[in-house]
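Chemist: Sequence and predicted structure are below.
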Amino acid sequence: MLAKLKEHAAAMLLSALAALFVSILSEISREVGPLVLDTLSRSVSPTALLRLLSMCLLTMMIEMSFVIYLILKLKTKLKPRFGMLWDREKNPHCPACQSLLADLGNCAIGSIRFKCLKCNQGIMLVNDKGSIIELDKAKSLLA
Ligand SMILES: [Zn+2]
């Protein structure tokens, strides 16, 4: 749970940094851009200026691609198996709302071992053939 919270915080931080980066870049280009371009156009040839601008744009695109890659990588991906969804840490989630399931453990009613507190629905842990299996066995079968 704490690891998931850290991942979400990291993703939000990266998004905020990307927005801040774009905001600062647009502010700089608006205020300083004309002065720099005027100075550069007098001292540097137009071809060299175009190359410099192209390299800046390419660098910015690579940086933005990296930020997007990190954001997508940090998002939790849930995989369906045994009648529920599983995260990377092998925690069971509700197949309907993707919330983390409560493990009833010894308080399990019949074959219902997990309960979604959001949907208020009991969920059985069953294998591919429909038979009830233990949590440790299910976790060991998760790839
Ligand atoms: Zn649910």
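Modeler: Received, thanks. All of these numbers come straight from a predicted model, not from anything done at the bench.

Chemist: the helices in the chain, which residues?
Modeler: 2-31, 33-43, 46-74, 135-141 (DSSP state H).

Chemist: Let me have these in TSV, extended by mean pLDDT and distance to residue 83.
Modeler: Heads up, the C-betas are built off the backbone N, CA and C, glycines and all. Shown next, in TSV, are those (pLDDT from 0 to 100; distance: least, Cβ to Cβ, whole Å):
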stretch	mean pLDDT	distance to residue 83
helix 2-31	83	21
helix 33-43	81	58
helix 46-74	87	27
helix 135-141	88	10
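
Chemist: Would you enumerate the residues in contact with residue 87?
Modeler: Neighbour list for residue 87: 4, 76, 77, 78, 93 [criterion: Cβ atoms under 8 Å, 6 or more residues apart in numbering].

Chemist: any idea how far residue 7 is from it?
Modeler: Computed as Cβ to Cβ, to the nearest Å, the residue 87 to residue 7 distance reads 10 Å.

Chemist: do residue 21 as well
Modeler: Between residue 21 and residue 7 the distance is 21 Å, computed by Cβ to Cβ.

Chemist: Name the nearest residue to the most centrally placed residue in the chain, ignoring sequence neighbours.
Modeler: In the chain, the residue lying closest to the centroid (Cα atoms, centre = their mean) is residue 75, at 1.8 Å. Once flanking residues are discounted, residue 75 sits nearest to residue 11: 6.5 Å by Cβ to Cβ, 6 or more residues apart in numbering.

Chemist: ok, how many other residues are close to the one you found?
Modeler: Using other Cβ atoms under 10 Å, residue 11 is surrounded by 17 other residues.

Chemist: Kindly report the same for residue 35.
Modeler: 9.

Chemist: residue contacts, it?
Modeler: Listed by Cβ under 8 Å, 6+ apart, the contact set of residue 35 is empty.

Chemist: What distance do you get for the residue of the chain most remote from its centre to residue 49?
Modeler: Distance from the C-alpha centroid of the chain, by Cα atoms, centre = their mean, peaks at residue 42 (46.0 Å). Separation of residue 42 from residue 49 (Cβ to Cβ): 10 Å.
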